[in-house]
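>>> below are the sequence and a predicted model; questions follow.
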Amino acid sequence: MFVARSIAADHKDLIHDVSYDFHGRRMATCSSDQSVKVWDKSESGDWHCTASWKTHSGSVWRVTWAHPEFGQVLASCSFDRTAAVWEEIVGESNDKQRGQSHWIKRTTLVDSRTSVTDVKFAPKHMGLMLTTCSADGVVRVYEAPDVMNLSQWSLQHEISCKLSCSCISWNPSSSRAHPPMIAVGSDDSNVMYGGKVQIYEYNDNTRKYAKAETLMTVTDAVHDIAFSPNLGRSFHVLAIATKDVRIFKLVPLRKESSSTGPTKFEVQIVAQFDNHNSQVWRVSWNITSTLLASSGDDGCVRLWKANYMDNWKCTGILKGDGSPVNGSSGQPGAMNTMVGSTVQTSQNALNGSAAGRYFFPPLDAPRAGSRYGHLLPPPSLIEHSDAQFSPHSQLPQSPMAIHGQPPQSPLSLHRLYSHSRALNTLPEHD
Amino acid sequence: MEEVDVEPTTTPIPGFDSNQKHLGFVWGPGDILVYETIYKASGGSAGGCPFVHEVRKDEDIYSPILRKLFNESHHIFVGLQRIREDLPSKNKKPQFVSISKNYRSVIRACMEELQQVAVYHNDSLGNTLLSLELIWNLCEVLFIDAAPAGSLVLHLLDWVRLHKADVDEKAREVLASESPAEHQAYWDVVISYVLQGRMDEARQVLVKQAALQPAARVMFKLLDNLLMKMPIFNPGETQTLTEFDVKWRHWREEVDHCLQDQSFASNRHLEDICKILVGDEDVLLEYKELLSTWYHFLVTRLLFSHPTVKPTELHYYAQSSMHMFLDTRSVPEPLDSILLAAFEFDIHQVIKDCSIALNNWWFVGHLTDLLDHCKLLQSHNLHFGSNLREFLLLEYASGLFTHHSLWQLAVDYFDHCPEFGRVYLELQIERVPLDTERKALKVIRICEQRQMTEQVRSICKIMAKKALRNNRLGSALSWSIRAKDAAFATLISERFLQDYCAKGTFSDLDLIDNLGPAMLLSDRLTFLGKYREFHRLYGEKRFSDAAKLLLSLMTAKIAPHSFWMTLLTDALPLLEQKEVIFSADQTHELMFCLEELTSGKSDEDIETTKIELLRLALARNLAMAIVKEGTVEV
């Protein structure tokens, strides 16, 4: 892996969250400077800030995108005890010319009496629903009954978790076998208060969320929590950031058909890593949940991967190169050029050092020379055509034909083959 | 099997000190964004944290030369999946070998291409490809072709010759020189040929020297004879392995005899050749430079000492050859370990070591798939065989999906992963950016072919939403019809009607005129379609049909109340025609509609003048209709 580019975010204070949109073509950043910025990726892969506006009157903790089926919609939550929903509207033509877009506030959700610590949209099959959690220990579920009118949100559920909440995660499974489910983490550090991860499940009969499970083994403060994509499995996988990284498997136990209570689970721990040394602050899965990333007190991002036997391992670390942190005092412009060059040099260095990983280590000179550079593939050993298995004709792109004619350009072929042929044929006349 | 612990790779993030701050991150489609932050609530010094870094992996995908590798191997992969399961595996072997050769020829083609641009290109990719082909070729000989004793050494010789081809280059240079026999590389060429078992070529070159030394003619003739007589196993002939072995031992005794006699004592080179022929390991090792690799040494050793080696005995000779050849202090390189594992027939180890050394799933994915088709993963008692194949293919295909055009190849790989392929495809395909309508249609087609209805619906809905945002009502309507999204279709129909009321004309007539049964998706859409039909009938001067339709829009409650006044106003010109269009009954119904609309509303809400006009027109029409209907045609 390598740093492909660095984007000068130009926030006046700490960034707390960065969020990709569903297709990965836009991102939103939020900061203690009370603003949110939206960035669009150009054809060439460069990021351009297309909107920046003050969203709250306190630090903005999290920003998140709604599914594009609902339009271009963002939600943010803040220390100012509110969460807000924003919608991009197609602006005036001169806005467009400047490459700027316009975001308007659709609603402010003011029910919390304390800092709103997390905000998440529910999976799209549930409709347009937004969840917040706050330091006062309440999870709130809002719904926009008319998806065409984002200024109307009704508070559907208030779940009291009794403990200061730090994070929420929806179970993304859209299977009918799985009722809507939400996991809540608490950053209360008092281990006497018991499990810090609670699982709530929606009950169709009572039309309420009821607690299905508390992970009793997680007694330290929890900072982040993430259900993995379901992949059509019957069980659920949950990653937790606490004093270490933990991965749990929640296997629903068979329910009697008459039972109307919440699902009970068999909770299994799949993996536990303390490589971050101390607190772990974030955990997140990639799209297909083949990789889990975590960020911790060691100032690193670690990537975790399971092999085909479900053994989890650290496969990558992103770590500062140790060069001094340049404070906000520097001029943005000057910083840009300075870091721009740093990036380039370290990238070169990386290409060198990464070679060992990507490729075999460079071979010593005579061997390298002999193995490569004087290739003479005798035609008899390599088939260039095979009518029996000629690939089917639907070629999305068909650069070189392996069948019919050799892929090599005639010139190089001639050059390469002629040597071996000339010599091979000689002895036959003997 | 024990997992070897591999150190994770560390990627440095510029301008960031991990000791002072935290590193925030977010997953993207093919990358991770990282930024400095402080998570602790009491978090240290505030201050701007100006940079978000985009960390990418697998830049391989973006190499234009490797794109060809991916494209071509995709075709071979799809062809392989089509080989019928029910054929007896014996009949399939030649097919598998040929597929294996096709894969290798694609690797070769990429190397060729790389060579041409190598002037300004990093050579490490070329080396990687070369190593890949070397490993693949060995796997083909040992696992797929599975040559038995006798043929095995011949196949291994071919393998070495293919990958140690510089001898031909050198031979050409020597033979082209003015006096080949005096060329400094002359003996290197002769011995290289002998080491590769290319006796005829060696003799051809030796003749040059013999001509120069008439005195040593007998000696040269003797060696030439020995070289010529060396028995080579020929699997095509009726000769059995035992017969060959007897013949070979006889020949070897003869060579041995010459050595005892000191027949070549006067010429160091000829004596060395003779010693090579009896497989003298010390002499072989003196020619390390010419052998260049331990596996060349192995194959040469087998040729002259154990030409009938069985596959099961290979590992012993491979290990000892490696240890004899390599400096005892040096740690074997990944390539050496992989080849050794192959000689030990440890397929799993080969795949695992390759995964670790390469960090690119192309090679292991395709090789494992082929080995799985050859039923090799089962016969080697890896109970997770098919999972390993799927695991590797899923990894490879997921990597392809991050590329803006290669993702289309990935679809076929997912299709051939029975366990998780479909779910992976569902998760990945809905995230393909829908930059244009064409791309959206392409994605939808792929989803439709696989009955992925939810993904199709979602994509149509996204496109409808996008079109509406950009005020393209027609496109928005057709996407929402495709998504079968009634609420959205209603909203857009509403917008069409509003536009009509404001401008007096319809846009996107083609679409609305050809709605067909799609019209039934929502009441409002039905109304829009029918109302437009009324306009068409009117335009075609089919007044009575138009009048009937207009009336039915109200009486059948298709038209929203808010639109009734517009409809009644539309009726005005029909009422004013000289000819009677609305019958007496129809006129009555129109009157009821008007009354229903106005009753219970205060005067201010109603456009009084318009109503007066309507009432007048209705009354006059009623009178005319009664007269007409009461008149008996003569």
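Cool, the structure landed. Numbering: from 1, shown residues only, chains lettered A, B, ... in the order given.
>>> can I take it that B:Cys460 is in a helix?
Yes: for B:Cys460, which was evaluated using DSSP: H, G, I helix; E, B strand; the rest coil, the result is membership in a helix.
>>> surely it and B:Ile444 touch.
Yes: here B:Cys460 reaches B:Ile444: they are 7.2 Å apart, a contact under CB atoms under 8 Å. Yep, even glycine has a C-beta here, placed from its N, CA and C like the rest.
>>> report the distance from stretch A:76-91 to the chain centre.
Chain-centre distance of stretch A:76-91: 21 Å, with CA atoms, centre = their mean, to the nearest Å.
>>> what parts of the stretch 401-550 of chain B come near chain A?
Among all residues of the stretch 401-550 of chain B, those adjacent to chain A (criterion: CB under 8 Å from any CB of the partner chain) are B:405, B:408-409, B:420, B:422-424, B:427-428, B:430-434, B:454, B:458, B:461-462, B:465-466, B:469-471, B:487-488, B:491.
>>> can you pull the contacts of the residue nearest in space to the middle of chain A?
Closest to where the C-alpha atoms of chain A average out (CA atoms, centre = their mean) is A:Asn286, at 4.6 Å. When contacts are counted by CB atoms under 8 Å, 6 or more residues apart in numbering or on different chains, A:Asn286 is found next to A:292-293, B:27.
>>> so which bits of the stretch 51-200 of chain A are right by chain B?
Neighbours of chain B within the stretch 51-200 of chain A, by CB under 8 Å from any CB: A:68-72, A:89-90, A:124, A:147-148, A:174.
>>> got a PyMOL select line for the buried ones in the contacts of A:Asn286?
For anyone working in PyMOL, the buried entries among these, judged by 16 or more other CB atoms under 10 Å in any protein chain shown, can be selected with:
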select buried, (chain A and resi 292+293) or (chain B and resi 27)
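>>> could the contacts of A:Asn286 go into CSV alongside distance to B:Lys208?
Converted to CSV, these look like this (distance: CB to CB, whole Å):
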residue, distance to B:Lys208
A:Leu292, 67
A:Ala293, 66
B:Trp27, 67
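>>> including pLDDT, secondary structure and distance to B:Val194, could the contacts of A:Asn286 go into a markdown table?
As requested, the contacts of A:Asn286 are arranged in a markdown table below (pLDDT from 0 to 100; DSSP: H, G, I helix; E, B strand; the rest coil; distance: CB to CB, whole Å):
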| residue | pLDDT | secondary structure | distance to B:Val194 |
| --- | --- | --- | --- |
| A:Leu292 | 96 | strand | 57 |
| A:Ala293 | 96 | strand | 57 |
| B:Trp27 | 94 | strand | 58 |
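>>> below-threshold pLDDT in chain B: ranges please.
Within chain B, the ranges that satisfy pLDDT under 70 run B:1-6, B:41-49, B:58-62, B:89, B:118-123, B:328-329, B:359, B:378-386, B:600-606, B:633-634.
>>> check pLDDT for the residues of the stretch 51-200 of chain A next to chain B and point me to the minimum.
Comparing pLDDT over these singles out A:Val90 as the least confident position, at 78.
>>> which one is the closest residue to chain B within the stretch 151-300 of chain A nearest to, not counting chain neighbours?
When distances are taken as CB to the nearest CB, the stretch 151-300 of chain A approaches chain B most closely through A:Gly299, which lies 2.9 Å from it. Nearest in space to A:Gly299, with sequence neighbours left out and distances taken as CB to CB, 6 or more residues apart in numbering or on different chains, is B:Ser18 at 2.9 Å.
>>> that neighbour: which element?
Take DSSP states H and E as the rule and B:Ser18 turns out to sit in neither a helix nor a strand.
>>> give the burial count for it, as a bare number.
When neighbours are counted by other CB atoms under 10 Å in any protein chain shown, B:Ser18 registers 21.
>>> same thing with A:Arg176?
A:Arg176 is flanked by 6 other residues according to other CB under 10 Å.
>>> got the contact list for A:Arg176?
Counting by CB under 8 Å, 6+ apart, A:Arg176 touches no other residue.
>>> helix, strand or coil for it?
With three-state DSSP as the criterion, A:Arg176 reads coil.
>>> how about A:Ile7?
Reducing the assignment at A:Ile7 to three states with three-state DSSP gives strand.
>>> next: A:Lys255.
Reducing the assignment to helix, strand or coil with three-state DSSP, the entry for A:Lys255 is coil.
>>> thinking it is in contact with A:Pro262, fair?
No: A:Lys255 sits out of contact with A:Pro262 when judged by CB under 8 Å, with a separation of 9.2 Å.
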